[in-house]
Structures are given as structure tokens and as C-alpha cells.
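Asks: dropping the sequence and predicted coords here.
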Amino acid sequence: MADPNSFRTARWLRTFHLVLQGTLLLTFLAGLNYLARDHPVRIDLTQHHSYSLSAETLSYLHHLDRPVRIVATFTDTTENPEVRGLLREIATATEGNYDPSRGLDGRITVEYLDVYQNRRRAEDLGIGQPNALVLFCGDRPRTILVDELYRFNKQKERERFQGEQILTSAILDVSNPVREKIYFLAGHGELSPDQVDAKTGLSAVREQLKARHFDVEVIDLSVTRKIPADASLLVDVSPQTRFTSAEQERLRQYLGANAGRLILFLAPGLSAISLGLDDLLLDWGVLVDDDVICDTGQENLTEDNDLLLRAFLPHPITQTLFDQGLSLRFGFARSVRPDPGRTTGSGLTTVALAATSKTAWGETGYRLGRPPRSGNAGNIHPLPGMSPPDTLSVIVASERVGVRDKLPFSVRGGRLVVFGTGDLIANTRLALVGNWNVFLGAVNWSVDRDSLLNIPARPIERFQLSLSAGNLLNLRYTLLLALPAAAALLGLIVYWTRRS
């Protein structure tokens with residue numbers, strides 16, 4: 001029998017202890033990996049829970065039954081921590097949506113792609129725009145610009161992050177197999193999405209809408225006796241001839257009885273009566289003045305004498321313009337305003353969204369060949385809530401919401417948006433950020449695309465460390481001397497302890 005106090009026994013015991021310690025360490029690490037993989041616990045310690053999804057978003061994502069792929073087209077050096085964190089949380093939240101036994105796969109995968117360095121991959125996916133999120137679900141892509149996920153202050157700095165609301169809405173939209181359909185009206189000399197001409201074509205609008213998961217078609221009311229039942233929105237851009245009574249009645253029935261949605265771009269030249277839309281506009285509390293807006297302020301005109309608009313009221317249609325300090329630019333325009341004599345108590349809400357400067361006026365004598373006045377006079381109407389108040393409105397939104405039997409819920413009604421210009425979204429002007437954003441806002445508001453999610457925007461957290469020259473010098477000495485000295489002292493203590 002071996003002596004327990006012998007050197008050989010002690011050596012075997014020491015070896016056994018080392019093997020046991022290694023085994024316990026490996027078992028501990030394996031257990032941690034198992035818990036991290038199958039039973040993870042995530043704790044968001046940020047002040048505003050910047051990396052936590054809301055209960056509403058989680059509910060939507062957990063019921064997702066179709067896979068969605070998100071391609072982020074920004075480089076590794078691009079600083080978008082909020083976007084990256086949101087994408088990571090969304091992908092993690094949907095990892096459990098995979099169940100092969102039931103044929104369920106509602107996972108969301110994220111891919112980062114530099115469209116400049118990986119051109120072949122970008123071309124295969126049909127992506128050419130940097131700093132964007134492109135969502136794929138089957139053959140239904142949708143594009144979201146990174147700047148659309150933020151709200152900006154007056155200094156054009158990112159102030160709040162609304163990415164969760166916008167991205168969740170986009171995921172729900174792109175995973176829906178039914179595409180919303182937008183019909184552009186024809187038959188009255190309107191601008192057409194089938195035309196590629198710079199001034200009279202809307203082909204750029206068509207491509208942008210298709211990229212955002214809309215179907216675009218053209219309809220001629222003089223030929224089609226009934227507005228299609230699948231029409232989510234009608235758009236009429238710069239009509240030049242009169243609508244017949246039957247056509248106007250179809251539009252009135254579509255907006256009223258069918259709770260339809262309509263966007264009108266009415267260029268100067270024809271009054272509401274001459275266009276045959278007077279009864280429809282009267283129903284929705286909108287007055288379209290027969291004038292041409294003139295402005296003597298040089299800061300409100302471009303070199304091409306285009307009109308610039310910078311005054312907006314906060315509204316889902318103009319929120320991006322309001323937040324980012326953008327402007328609108330277009331050619332000839334007329335004043336469009338809420339009807340002060342509209343019937344109240346019928347659930348109708350009509351608001352002015354954009355207005356001219358104080359130096360602008362509505363020239364009503366343009367048909368008579370009179371020279372324009374040289375000052376602020378003539379067709380001016382007070383606009384409640386607009387600053388400055390003595391201006392002309394150019395965009396009006398009208399909405400009708402009904403309440404049934406005084407119950408605490410509303411019935412979805414029609415929506416109408418009227419622009420007092422006809423070339424705001426022509427191909428030559430769509431490249432302007434403000435023009436595209438206001439039209440996209442009007443489309444989204446009209447079809448309720450982003451109004452279903454009640455997820456608040458989160459403030460952007462900024463931290464700044466200010467160090468003086470003395471602080472930097474102390475930090476340098478600490479890194480160069482103090483830390484190595486502390487490590488050396490710890491080594492001496494260990495050596496002295498083992499020796500004694």
C-alpha cells in the first residue's frame with residue numbers, strides 16, 4: 001500500500017486535482033454556453049431602453065409567418081448604432097419563429113452590404129442605393145432610407161429615433177402578400193407615370209412607389225365606368241380639361257360612401273368650376289382659388305423663378321419637412337385653403353399644411369393680362385396656426401371620421417389631399433428631397449401605412465467627454481507608468497507569497 005505522505009502519492013493527487021479543475025471549468029463553460037444559446041436573458045441598461053423592443057412590436061414579430069430578409073447598405077465605418085441595435089434585436093426576437101414540423105418560418109435575417117465594394121452582389125439583389133434598408137419577402141422588396149428613421153432638429157442634427165415604428169410597419173407591409181394599388185387618373189391631359197419626359201412624365205414616381213411595395217396603374221374615368229374595388233388611392237396630377245358630372249359623381253361616391261383616398265395636384269389655369277370638381281371640393285371643405293401665386297422676396301425664388309416654400313404645420317404629411325427643415329420647390333402655383341364656411345360637427349377636419357412667405361400674394365388678374373402687383377396685397381387669407389399668419393396656403397388635407405352612436409371608437413372615413421401646383425412630382429423635380437418627402441408623406445397618410453403603430457420615437461443619447469491638456473497628460477502617464485507599475489507590484493506580491 002502506497003504511503004499517502006510519499007512524493008509519488010502527492011504528485012498523483014496534484015495531477016488529479018488539476019484534471020478535476022479542468023473538467024469542472026469545461027463543464028462550467030459548457031453550461032454557460034447552453035444557457036446563453038437556449039435560455040438567453042437580455043437586460044437593457046440604457047436610460048431610454050434604446051435596445052429594447054416594445055410589446056406591440058414583439059407581438060407583431062412573434063406572429064410573423066413569412067421569412068423577411070433585410071439588407072443594410074451601409075459600410076462598417078458608418079455610424080448608425082441605433083439602426084444596428086434595432087436590426088440585431090429584431091433578428092434575435094424572431095429566432096424562435098422557425099418550426100419545420102408546421103412549415104413555419106417567420107425569421108428575420110440581416111445582411112450588411114457595401115454597394116460600392118460588392119457591386120456584383122448588389123446587382124444580383126437589384127440594389128444600388130447606399131445608406132438604406134431594403135426588405136425582401138419573396139419578390140416584394142421595399143426600401144427605407146436611413147435618414148427616414150430619424151427626426152431632426154432645427155440644426156439638422158438627429159434628435160429622435162423612430163426606426164422601430166417605421167421598420168416594424170415596413171416588415172408588416174412587405175410580408176403581406178397583398179400589395180396596395182395606386183391608380184393615376186388619365187383622360188384629362190394629366191401627367192402620366194408611363195411618360196419619361198422630364199417635365200411632363202411621372203416615371204420616377206412610379207419606380208419609387210414600386211420600390212415601396214405599391215402597384216401603380218393608370219385608369220381613365222371616361223372609359224372605366226367604375227372605380228376598381230382594389231384601389232387604395234387615386235392620384236390626379238395636373239388635369240387640363242373638365243371632368244364630366246358623371247366622373248365627378250364617381251369620385252364623390254368613392255370618397256364618401258367607400259371611404260376612398262384621393263390626392264389632387266391642381267395647377268393654375270382652370271377654376272374648380274371649370275375643372276368640374278367644385279361639388280367634390282365643397283363636400284370636403286376645400287377652396288381652390290383661381291389665382292397665381294407671386295412673390296417679391298428674392299430668398300423665396302430660385303434662379304429659374306421657381307417658388308420655395310418653408311412654412312409648414314406639423315402633420316404626418318409634412319412631419320419630415322418640419323423636422324429636417326426641408327423646403328418645397330415648384331413652378332406656377334395657386335392658393336388652396338380650408339373653407340371657412342364648411343359644416344362643423346360632421347366629422348370633417350380640414351387643415352392647411354404649407355404656406356408661402358409674407359411677401360407673396362395671389363394674383364387674380366392674370367387672365368386679363370394685368371401686370372402683377374409689386375407688394376403684398378390681394379388674395380390673402382388668415383391661416384390659423386401658421387407662422388406667419390398673413391400667408392397663402394398651398395397644401396390642404398381633409399379627413400372625415402364618423403362616430404357611431406356616440407361610441408368611443410371612430411369609423412374609417414375618406415381622406416383628400418389637394419396641392420395647388422401641378423409639377424411638384426414631375427421627373428425633373430422629384431430628385432428634390434422635400435418634394436419627394438411630402439408626396440410620400442401624403443401617400444402614406446392616405447393609405448394608413450404608418451398610422452397603425454403607436455410606438456414612440458426615442459431620444460438620441462449623446463455623450464461628450466471634454467479633457468483639458470492637463471487631463472490628457474495625466475491620462476498618458478497613467479497608461480504608460482501607473483498600469484505597468486501596478487502589474488509589477490501585483491507580481492511581486494504573488495512571488496513573495498509563494499516564496500514564504
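Replies: Good, I have the coordinates. Numbers count the residues shown, from 1 in each chain.

Asks: hmm, Glu111 is touching Thr73, no?
Replies: No - contact criterion CB atoms under 8 Å: Glu111 and Thr73 do not qualify, at 9.6 Å. C-betas here are computed from N, CA, C, even on glycine.

Asks: those two: who's more crowded?
Replies: Neighbour totals were compared for Glu111 and Thr73, and Thr73 leads with 25 against 14 (other CB atoms under 10 Å).

Asks: okay but the more buried one is in contact with Gly126, surely?
Replies: No - at 11.7 Å, Thr73 does not count as touching Gly126 under the criterion of CB under 8 Å.

Asks: helices of the stretch 151-300 of the chain, start to end?
Replies: 163-174, 203-211, 245-256, 272-275, 278-283 (DSSP state H, counting those that start in this stretch).

Asks: out of those helices, the one nearest Tyr477 is which?
Replies: Tyr477 lies closest, by CB to CB, to one member of those: helix 163-174, at 42.7 Å.

Asks: what is that closest one packed up against?
Replies: Packing partners of helix 163-174 (3 or more CB pairs under 8 Å, 6 or more residues apart in numbering; DSSP states H and E): helix 55-62, helix 81-93, strand 132-136, strand 142-145.

Asks: state the mean pLDDT of the last one.
Replies: In this model, strand 142-145 carries a mean pLDDT of 87.

Asks: in that strand, what counts as buried?
Replies: Buried residues in strand 142-145, defined by neighbour count with 16 or more other CB atoms under 10 Å: Arg142, Thr143, Ile144.

Asks: do I have it right that the second one meets Lys210?
Replies: No - with contact taken as CB under 8 Å, Thr143 and Lys210 are classed as non-touching, separated by 9.9 Å.

Asks: which residue, other than its chain neighbours, is closest to the most centrally placed residue in the chain?
Replies: Centroid-nearest residue in the chain: Glu148, 4.4 Å away (criterion: CA atoms, centre = their mean). The shortest distance from Glu148 to any non-neighbouring residue, by CB to CB, 6 or more residues apart in numbering, is to Ile166 (6.3 Å).

Asks: neighbours of that neighbour, just the number please.
Replies: Using other CB under 10 Å: Ile166 sits among 22 other residues.

Asks: distance of it from Gly434?
Replies: 19 Å (CB to CB, to the nearest Å).

Asks: now Pro67
Replies: 36 Å.

Asks: tell me how far His188 lies from Val396.
Replies: Distance, His188 to Val396, by CB to CB: 21 Å.

Asks: check Gln21 too.
Replies: For Gln21, the distance to Val396 - CB to CB - is 77 Å.

Asks: tell me who's in contact with Leu416.
Replies: Leu255, Arg261, Leu262, Ile263, Leu264, Trp284, Val286, Ala397, Ser398, Glu399 (CB atoms under 8 Å, 6 or more residues apart in numbering).

Asks: closest one to Ala93 out of those, please.
Replies: Distance to Ala93, by CB to CB, is smallest for Arg261 among the contacts of Leu416, at 32.5 Å.

Asks: quick one on the thing from earlier: Gln21 and Val396: which is more packed in?
Replies: Val396 (27 against 10).

Asks: need the per-residue pLDDT for that one.
Replies: At Val396, pLDDT is 95.

Asks: that one contacts Ala442, correct?
Replies: No - with contacts counted by CB under 8 Å, Val396 stays clear of Ala442, the gap being 11.1 Å.

Asks: Ala72 - nearest residue in space that isn't next to it in sequence?
Replies: Tyr112 (5.0 Å).

Asks: if we can go back for a sec, do you know the pLDDT at the residue nearest to Glu148?
Replies: For Ile166, the model assigns a pLDDT of 85.

Asks: still on that earlier bit, taking the contacts of Leu416 one by one, which sit in strands?
Replies: Taking DSSP state E, the ones among these that sit in strands are Arg261, Leu262, Ile263, Leu264, Val286, Ala397, Ser398, Glu399.

Asks: ok, so of these, who is nearest Gly331?
Replies: Leu264 (17.0 Å).

Asks: any idea how far the residue nearest to that closest one when sequence neighbours are not counted is from Leu275?
Replies: Spatial nearest neighbour of Leu264, excluding adjacent residues (CB to CB, 6+ apart): Val418 at 4.8 Å. From Val418 over to Leu275 the distance is 12 Å, taken as CB to CB.

Asks: more neighbours: those two, which one.
Replies: Set Val418 next to Leu275 and count neighbours by other CB under 10 Å: Val418 wins out with 27 against 22.

Asks: verify the contact between Ala132 and Thr73 for me.
Replies: Yes - counting by CB under 8 Å, Thr73 is a contact partner of Ala132 at 5.1 Å.

Asks: return the helix or strand in the chain with minimum mean pLDDT.
Replies: Lowest by mean pLDDT, DSSP states H and E among the helices and strands of the chain is strand 410-411, with a mean of 53.

Asks: just the mean pLDDT for the next helix or strand after it, thanks.
Replies: Once the chain leaves strand 410-411, the next helix or strand it forms, by DSSP states H and E, is strand 415-419. For strand 415-419, the mean per-residue pLDDT is 96.

Asks: adjacent strands (with direction) for strand 415-419?
Replies: Strands that pair with strand 415-419, judged by DSSP bridges, come out as strand 261-265 (parallel), strand 393-400 (antiparallel).

Asks: flag the shaky bits of the stretch 201-350 of the chain, pLDDT-wise.
Replies: Where the stretch 201-350 of the chain drops to pLDDT under 70, the residues are 343-346.

Asks: top helix in the chain by residue count?
Replies: Ranked by number of residues, the top helix in the chain under DSSP state H is helix 7-38.

Asks: right, and Ile317 touches Val417 too?
Replies: Yes - here Ile317 reaches Val417: they are 6.8 Å apart, a contact under CB under 8 Å.

Asks: tell me, what's touching those two both at once?
Replies: Ile395, Ala397, Ala442, Trp445.

Asks: give me the neighbour count for the first one.
Replies: The burial count assigned to Ile395 is 27, neighbours taken as other CB under 10 Å.
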